[in-house]
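In: My questions concern the predicted model and sequence given below.
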Amino acid sequence: MRSERSVGGYRLVHRLGAGGAGTVWLAEDEGGGQVALKLIHPALASSDEARERLVREARIVNSVSGEGVAHVLDIEVEGAQPFVVTELVEGPSLASLLDTGPLHPYDLAALARLLHSTLDKVHAARIVHRDVKPSNVICSPQGPVLIDFGIALAEGDQRLTSTGLISGTAGFTAPELLTGELASPDTDWWALSATLLNAATGRQPYGSGASGHVLMRVMEGRCDTDGLSEALTRVLLQALEPAPETRPRPQHFVELFEAACGVEPGCARWRGVPSPLNAEEAARVHAGLVPRPIAGAPWTRPAPPPAPDRPIALGLQGFPDDSATTLMPAPTVGATTALPEGHTLPPPPVPMDFRPTPIGPGGLRAPFAPRTAPAAPVPVAQHPPPPPARQVVGPSPAPITVQPAPILPVVNVMNGLPLYIPRSPRPAWFTGLFMLMPLAMIAAVGGAYGSCAVLAVLLVTGLPGALHRAREQRRVRHSGPKASDTWAVLAASPWHLVVHALSLLFGLLVGAATALSLWAVAANVIVGAPSWYWPFEVVTATGSVEGSHHWLHDPLWFGLLLADLWVTLAIMWMLPTGADLRRGVALAAEALLPQWWARGGMILIALAVVGSTWMIATLAMS
């Protein structure tokens with residue numbers, strides 16, 4: 001679906017997709033660069049709290065370094081149509097690839113390594129993604145990109161949202177979240193393991209059907225590993241254990257996963273957008289898959305927790321039987337797994353405190369504060385892994401009310417400074433173009449004095465735009481506003497005025513050359529037309545132009561003169577050198593004409609002034 005609609009200075013090219021939060025479009029900015037623009041449903045930015053949340057989420061995404069996430073380029077939450085602009089990531093989602101089949105083990109190893117690196121950076125920026133799943137992974141030719149960090153999240157397809165209880169996707173929500181625990185890095189790592197299982201089989205990790213039944217399989221650890229090699233099954237079952245303390249550490253899991261895929265850890269390379277296997281190819285590949293040799297003393301994998309007699313206390317009691325639900329048998333895996341000689345299991349993950357941390361000296365956040373000191377690795381033979389925690393059966397707990405965290409400056413992990421998203425006023429392209437018509441009329445009837453007045457108006461209007469741009473660029477360089485921003489920009493205003501004047505002069509020269517070329521063509525075609533340089537004589541005349549230029553009273557030629565001068569100004573307006581002028585007009589329109597009807601009324605007034613002047617000038621000869 002193609003569109004010529006523009007939003008906030010971005011031209012919408014065609015729609016990429018839609019969801020509960022809004023519609024995603026391929027868009028082009030003023031320079032022709034392609035971006036992804038998400039039109040947010042206005043209801044999701046209807047309150048101050050909702051708007052603050054959108055801006056905060058945008059800053060959170062931009063605090064993650066690297067190419068594994070799609071960074072936010074622009075955001076508008078105050079206008080009638082809120083939107084978020086992000087980097088355009090070309091490529092299909094992992095979910096769409098898996099609709100046609102699973103991935104090759106080599107591609108699985110590369111995917112696991114790159115997503116592990118990205119998720120590690122996300123957690124280093126003190127962020128928990130909370131919704132890692134195949135549809136939130138874009139497979140670009142350069143590598144997988146993690147998207148959707150909770151910006152304008154809304155209830156959508158297959159998304160479970162119960163006030164205060166769970167927020168995620170069936171089959172990709174960690175078991176501890178289902179028991180009321182808060183999201184943590186561990187829940188993201190579990191979701192990544194479920195995503196890799198989905199990529200390995202091409203099927204939903206815990207089957208399909210009613211959400212309640214899928215959640216019960218998650219709690220019982222009954223995932224679908226049918227068709228996978230024994231080594232790959234063993235590694236994935238370890239990572240998807242319902243009890244967090246029995247899962248391997250993320251780095252260790254990735255190494256085991258790569259080895260089970262037959263790849264030396266860290267050696268798999270992204271080969272572009274993966275090509276899924278069909279069922280026959282997948283069966284043949286996994287049947288002949290040779291994992292990296294692992295030898296040593298065996299260790300005993302903890303038995304999965306027993307299935308409860310009735311649903312666990314999640315508010316899931318009374319789910320109706322669903323004949324469409326796909327039930328899967330419990331996986332059958334050997335009781336022991338050989339590890340390298342002298343290998344030690346990592347200690348259980350240390351719970352991290354992800355509450356907002358006050359800003360310390362120099363704008364740096366305090367480091368993560370574990371609740372307990374981490375223990376050193378312990379040999380397996382001396383300390384076997386602890387048994388899984390018992391699941392308590394009882395009545396449904398009351399909904400947990402999650403208070404929003406206070407909004408604090410988000411810190412860039414690269415330099416420790418708060419990030420700043422520059423503010424751009426809502427563009428006023430059409431308003432500015434029509435307001436140039438009265439200026440063209442002033443130059444036509446005022447001669448050299450009128451032309452000087454037009455130049456003065458352009459300089460005065462564009463200077464605030466140049467100063468505003470300089471202030472925002474300064475704030476970006478300093479990663480946030482400073483008390484000295486305004487004074488520093490005002491002190492440099494003479495320099496900005498000179499640069500702005502030179503930019504306008506260049507645009508006027510290009511526009512005048514184009515307009516005079518068009519006039520010369522018309523003068524050669526029409527008999528009795530003025531000379532090709534007549535418009536230049538009119539705008540530079542220092543005396544009375546009415547007596548010496550009788551064509552000014554001719555309705556046709558006076559109208560063509562106005563159009564020619566307007567074309568000159570319009571070209572100057574649209575060139576990149578007119579950016580400060582456009583910003584200045586946008587700032588003025590935002591302050592004086594915020595409503596669309598006010599801008600429309602001003603356009604009508606401009607047309608009325610030009611039309612009246614044309615009638616008075618041309619009727620004077622009759």
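Out: Noted; the coordinates are in hand.
In: rest of the way, CA atoms for contacts and neighbours
Out: OK.
In: and the residue nearest the centre of the chain, what element?
Out: With distances taken as C-alpha atoms, centre = their mean, T86 lies nearest the centre of the chain, 3.5 Å away. Using DSSP states H and E, the element containing T86 is strand 83-87.
In: What residues sit buried inside the next helix or strand after that strand?
Out: Elements were assigned by DSSP H and E; along the chain past strand 83-87, the next helix or strand is helix 94-98. Across helix 94-98, burial judged by 16 or more other C-alpha atoms under 10 Å covers L94, A95, L97, L98.
In: show me what contacts A448?
Out: A448 makes contact with V538, V539, T540, A541, T542 under the criterion C-alpha atoms under 8 Å, 6 or more residues apart in numbering.
In: List buried residues within those.
Out: V538, V539, T540, A541.
In: on that earlier part again, which strand residues sit across from the residue nearest to the centre of the chain in the sheet?
Out: Note on T86: beta-bridge partners A36, V72, judged by DSSP bridges.
In: So F257 sits against A109, correct?
Out: Yes: when contacts are counted by C-alpha atoms under 8 Å, F257 is listed as touching A109 (6.9 Å).
In: any common contacting residues for those two?
Out: Shared contacts of F257 and A109, defined by C-alpha under 8 Å, 6+ apart, are absent.
In: Any regions of the stretch 251-400 of the chain where pLDDT drops low?
Out: 293-400 (pLDDT under 70).
In: Which stretches in the stretch 51-200 of the chain count as helices?
Out: Secondary structure of the stretch 51-200 of the chain (DSSP state H, counting those that start in this stretch): helices at 94-98, 105-124, 175-178, 185-201.
In: How about residues contacting the first one?
Out: The contact list for helix 94-98, computed with C-alpha under 8 Å, 6+ apart, reads 134-139, 198-199, 202-203, 274-276.
In: among the residues you listed, which are in strands?
Out: If you go by DSSP state E, those have V137, I138, C139 in strands.
In: now, which of those residues sits nearest V290?
Out: Ranked by distance to V290 (C-alpha to C-alpha), the ones in strands among the contacts of helix 94-98 are led by C139 at 26.3 Å.
In: about what we covered before: including distance to A589, secondary structure and pLDDT, could the contacts of A448 go into TSV?
Out: TSV is the format used below for the contacts of A448 (distance: C-alpha to C-alpha, whole Å; DSSP: H, G, I helix; E, B strand; the rest coil; pLDDT from 0 to 100):
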residue	distance to A589	secondary structure	pLDDT
V538	31	helix	86
V539	28	helix	86
T540	31	helix	86
A541	33	coil	83
T542	33	coil	79
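In: so, if you compare these, which one comes nearest to G446?
Out: Proximity of these to G446 (C-alpha to C-alpha) peaks at V539, which lies at 7.3 Å.
In: Test my guess that the closest one contacts S451.
Out: Yes: V539 is within contact range of S451, at 6.1 Å (criterion: C-alpha under 8 Å).
In: got any residues that touch both of those two?
Out: Counting by C-alpha under 8 Å, 6+ apart, the residues touching both V539 and S451 are A443.
In: What are the structural domain limits within the chain?
Out: As recorded under automatic domain parsing, the domains making up the chain are 6-87, 94-302+325-344, 429-619.
In: In this protein, spot the strand with the most residues.
Out: Secondary structure of the chain per DSSP E: the longest strand is strand 10-18.
In: after it, next one along is what?
Out: The first helix or strand that comes after strand 10-18 along the chain, using DSSP H and E, is strand 22-28.
In: now for that following strand, which elements pack on it?
Out: strand 10-18, strand 34-40 (3 or more C-alpha pairs under 8 Å, 6 or more residues apart in numbering; DSSP states H and E).
In: Tabulate these (a markdown table), appending mean neighbour count and distance to V263.
Out: Below are the helices and strands packed on strand 22-28 laid out as a markdown table (neighbours: other C-alpha atoms under 10 Å; distance: least, C-alpha to C-alpha, whole Å):
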| stretch | mean neighbour count | distance to V263 |
| --- | --- | --- |
| strand 10-18 | 17 | 35 |
| strand 34-40 | 23 | 35 |
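In: between the ones you listed, which gets nearest to G447?
Out: Among the helices and strands packed on strand 22-28, strand 10-18 comes nearest to G447, with 37.6 Å by C-alpha to C-alpha.
In: Please export the C-alpha coordinates of that closest one as CSV.
Out: Extracted as CSV, the C-alpha positions of strand 10-18 are listed here (Å, rounded to 0.1, in the frame of the first residue of the first chain):
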residue,chain,number,x,y,z
TYR,A,10,8.3,12.5,7.0
ARG,A,11,6.7,11.3,3.8
LEU,A,12,5.0,7.9,4.3
VAL,A,13,6.0,5.6,1.4
HIS,A,14,4.2,2.4,2.2
ARG,A,15,2.9,0.5,5.1
LEU,A,16,5.1,-2.2,6.6
GLY,A,17,2.8,-3.6,9.2
ALA,A,18,0.2,-2.9,11.9
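In: How about S211, nearest residue that isn't a chain neighbour?
Out: Spatial nearest neighbour of S211, excluding adjacent residues (C-alpha to C-alpha, 6 or more residues apart in numbering): A170 at 6.1 Å.
In: Is that neighbour in contact with R217, as I believe?
Out: No: using C-alpha under 8 Å as the test, A170 is too far from R217 to be in contact (10.3 Å).
In: Quick check: neighbours shared by these two?
Out: By C-alpha under 8 Å, 6+ apart, no residue touches both A170 and R217.
In: and the strand holding T86 with strand 34-40, angle?
Out: Angle, strand 83-87 to strand 34-40, by axes from the mean of the first three to the mean of the last three C-alpha atoms, to 10 degrees: 150 degrees.
In: Strand 83-87 packs against which elements?
Out: The helices and strands touching strand 83-87, judged by 3+ C-alpha pairs under 8 Å, 6+ apart, are strand 34-40, strand 72-76.
In: Output those in JSON lines; the columns should cover mean pLDDT and distance to A50.
Out: Below are the helices and strands packed on strand 83-87 laid out as JSON lines (pLDDT from 0 to 100; distance: least, C-alpha to C-alpha, whole Å):
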{"stretch": "strand 34-40", "mean pLDDT": "88", "distance to A50": "12"}
{"stretch": "strand 72-76", "mean pLDDT": "87", "distance to A50": "12"}
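In: Spit out the contact partners of L592.
Out: Shown in contact with L592 (C-alpha under 8 Å, 6+ apart): no residues.
In: any idea how far the nearest residue to V24 once chain neighbours are set aside is from I127?
Out: Distances taken as C-alpha to C-alpha, 6+ apart place K38 nearest to V24, at 4.2 Å, with adjacent residues excluded. Going from K38 to I127 by C-alpha to C-alpha, to the nearest Å gives 22 Å.
In: so what pLDDT did R475 get?
Out: pLDDT for R475: 80.
In: about what we covered before: for the helices and strands packed on strand 83-87, which one sits closest to H123?
Out: Comparing the helices and strands packed on strand 83-87 against H123 with C-alpha to C-alpha, the closest turns out to be strand 72-76 (18.1 Å).
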